[in-house]
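J.: Below is the structure, and that's it, no one-letter string:
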């Protein structure tokens, strides 16, 4: 007897675009597409558009097996409640009952989680964290996200909002965050936005020559700073060294809190490689007690950056209760 | 048919004394006693002495039911490995195979964990955290310990050393810790030792009058500072306000990390009550994102301070694999 294959839909909702794909159990994306997220004032026409695009694909794969559910990664998404609450990066305001709306439109079960938690699930099932029971996922993009896995389970906490390590304070009375107003939070230093702010501060606070001074203010970003750094610009190198130091000090705290086997890094900032990874490792080791030294691995994500978010979102489907019943009966 | 009752032995190993007790399933300590911890250069004669004291009691309760195991809370104890490693507060040096030695001497299964994890287990099963699945336990004594519970499970991490929140850095480049040499770790501010150091610093750094100036240096401790504070001494009040602020800022970070339903506080420092609890709550709320505000409960332990450590240690026994088999077969 051959068992007909199961397929999951993964959707990654970003501030500008939403990417979707059909994923099989081996983590292969068989088909993918994209719609704009920011083209809709309210969520209902957005879901209509998503349905227009996805339903022909779903029909195709329903002929080859079973499309068993939809997993969504989205900013400020709450796993327990199935809602997006007050997401500053989305145009849909207030509380959006995303899981219910999608599930009703598609007539398929739907689970949602925040994008960093989805990334952690993706790494655990298909990527660098395969087989790990205790790890921390840090996504260093425009903002910073995180997911904490303990005993093989994603930590959601009381109400589904655990894992906001980017908003924890690393420098007391430090840099004021552009959105939260918190002072000295980790995101304001180690995200791509943080890297840019560090460069601008360094340029303003010294007269040291730097090739970054040839850039227009709006050209300064983690990519252009990196380009200056690999050409040997001392100040640009110092930007990444400082970023790495702050990340290392923060990771030392995370290690003493949940004692992960590995910390998985993902996102645009990691393209700077050893320029920030080497100081990050060094300051992690300098700030932990002896019993933690030289134990935790710092690993870059093994997932293709374009696919990771879809894959991560799709893993929610394999964990759905009706899927567990299927597995148990096989 | 009456089922004969089960009893657990709980042992709390402190730097000076070790307390032990026989505990029933309802968390009642039926009998307890104490031996010196610091009277023995090596662990073997200590265990002999423990056996001399406990074996008559064990025989008594073996006649009334079954003494089913021994749980031990000890500084630097590793749950997974059953060892104590390099405990700065104990005279036994290096690696001590405590669980194996006790188990062989008593012919009973033995599990060990660090004292703060034992406290968290005690609160979860018998105390203020009954029914909670996500909470953080902070013990504020001479030192500071912590235990993190997520999804109803104590977080042990990769190798059993998770939950050392006292050593995480709260003030970058802050006060140097008297033992670890780390700068600005939480323990160096919010433990009883930290409270004392804060008072001494304030006295040295100002000429402000304070009734604390009437104390000899070796009389300054969290108790005498508290006595000055309740009599209205402004500087003593400020010592606890500052302590509370630092604790609140740290708790804000913990809340955004694992989103606990409650933070349970235990230990000598909490006797200062609202003097530090009120600023702690205030600075927790000031430093979390809106989605966490006014959600987390800060609760004082409900266990008798003298009994909590024995009770906490004893809970390890109810979780032993052979006990689960017993429950399943009843």
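T.: The structure has been received and is ready for your questions. These numbers were taken from a predicted model, which means no experiment stands behind them.
J.: Could you report the pLDDT at the residue in the stretch 201-330 of chain A that chain B sits nearest to?
T.: The minimum distance from the stretch 201-330 of chain A to chain B, using CB to the nearest CB, falls at residue A:259 (2.4 Å). Glycine gets a C-beta too; all of them are placed from N, C-alpha and C. pLDDT recorded at residue A:259 is 96.
J.: now the one 3 residues further on
T.: Residue A:262 is assigned 98 on the pLDDT scale.
J.: Which strand residues bridge it?
T.: residue A:135, residue A:297 (DSSP bridges).
J.: Check the contact between it and residue A:300; I expect there is one.
T.: No: with contact defined as CB atoms under 8 Å, residue A:262 does not count as touching residue A:300 (10.8 Å).
J.: Cross-check the contact I'm expecting between residue A:133 and residue A:124.
T.: No: assessed by CB under 8 Å, residue A:133 is found out of contact with residue A:124, at 9.1 Å.
J.: And for the residue of the stretch 201-330 of chain A closest to chain B, the neighbour number?
T.: The tally of other residues near residue A:259 (other CB atoms under 10 Å in any protein chain shown) stands at 25.
J.: In terms of residue numbering, what are the domains of chain A?
T.: A:6-120+A:306-329, A:132-301 (automatic domain parsing).
J.: Need the winner for burial among those.
T.: Mean neighbour count (mean count of other CB atoms under 10 Å in any protein chain shown) peaks for domain A:132-301 among the domains of chain A, with a mean of 20.
J.: How far off centre is that domain?
T.: 13 Å (CA atoms, centre = their mean, to the nearest Å).
J.: For that domain, measure first residue to last.
T.: Distance across domain A:132-301, first residue to last, is 14 Å (CA to CA, to the nearest Å).
J.: can you check stretch A:129-147 too?
T.: With CA to CA as the measure, what separates the two termini of stretch A:129-147 is 12 Å.
J.: Work out the gap between it and the centre of the chain.
T.: 7 Å.
J.: likewise stretch A:57-71?
T.: Worked out by CA atoms, centre = their mean, stretch A:57-71 lies 26 Å from the chain centre.
J.: How about residues contacting that stretch?
T.: Residues outside stretch A:57-71 that contact it (CB atoms under 8 Å, 6 or more residues apart in numbering or on different chains): A:4-11, A:22, A:30-31, A:33, A:102-103, A:106, A:108-113, A:118, A:313-317, A:320, A:322-323, A:326.
J.: Could I get the average pLDDT for that stretch?
T.: On average, stretch A:57-71 scores 92.
J.: Also stretch A:270-289?
T.: Mean predicted lDDT for stretch A:270-289 stands at 96.
J.: same question, stretch A:213-225
T.: Averaging pLDDT along stretch A:213-225 gives 96.
J.: swap in stretch A:299-309?
T.: 88.
J.: And that stretch, end to end?
T.: 18 Å.
J.: correct me, but residue A:183 touches residue A:175?
T.: Yes: using CB under 8 Å, residue A:183 is in contact with residue A:175, at 6.9 Å.
J.: Next, give phi and psi for residue A:189.
T.: phi -120, psi -40 (degrees, to the nearest 10).
J.: Distance-wise, check it relative to residue B:262.
T.: Remark: distance between residue A:189 and residue B:262 (CB to CB, to the nearest Å) = 30 Å.
J.: pLDDT score assigned to the spatially most central residue of chain A?
T.: Ranked by distance to the mean C-alpha position of chain A (CA atoms, centre = their mean), the top residue is residue A:116 at 3.2 Å. On pLDDT, residue A:116 comes in at 91.
J.: Now do the same for it: helix, strand or coil?
T.: helix (DSSP: H, G, I helix; E, B strand; the rest coil).
J.: related to what we said a few turns ago, from the contacts of stretch A:57-71, which ones fall inside strands?
T.: Among the contacts of stretch A:57-71, the members falling in strands are A:6-11, A:22, A:30-31, A:33, A:110-113 (criterion: DSSP state E).
J.: That's all I had, so thanks and see you.
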